[in-house]
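>>> Sequence first, predicted model second:
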Amino acid sequence: MKMANLSVTDTSPKEVKYIDLFCGLGAFHTAFNRNNIIQNNIKYTCVLASDINEGVRNIYEENYGIKPMSLKERETHINTLLNPPIKKKCCETKPTAGKGACWKETRRL
């Protein structure tokens, strides 16, 4: 008796989780949601959103069901996930590259 070789192909989409920093009203989130509707290969899931403006955070929560974190909440949350915590966040733009200069969120409400 000959046994057939059966292979099961996983047809579930791959998942890509992203963080929506400086989320604003959620254009980035909307783009990923639309992409999820258009295609089934990759599912994009927002796992954290953050913005400095409380009014914007409230609108984002109404639209997407995710309460964005404030700057302080985000720093605390991310540092609890990382071991060791990030002590200094640096950007690699031309004016600061290699000089150890760090970028800070300075927008005012």
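Done, it's in.
>>> could you pull out the helices for this structure?
Read by DSSP state H, the chain holds these helices, from start to end of the chain: 27-38, 54-64, 71-81.
>>> Tell me what angle the helix or strand bottoming out on mean pLDDT in the chain forms with helix 54-64.
Per-element confidence for the chain was summarised using mean pLDDT, DSSP states H and E. The lowest value among helices and strands belongs to helix 71-81, with a mean of 78. For helix 71-81 against helix 54-64, the angle between stretch directions is 60 degrees (axes from the mean of the first three to the mean of the last three Cα atoms, to 10 degrees).
>>> Point out the other elements, helices or strands, that helix 71-81 touches.
strand 42-50 (3 or more Cβ pairs under 8 Å, 6 or more residues apart in numbering; DSSP states H and E). In this view, the C-beta of every residue, glycine as well, is placed from N, C-alpha and C.
>>> Many thanks, have a good one.
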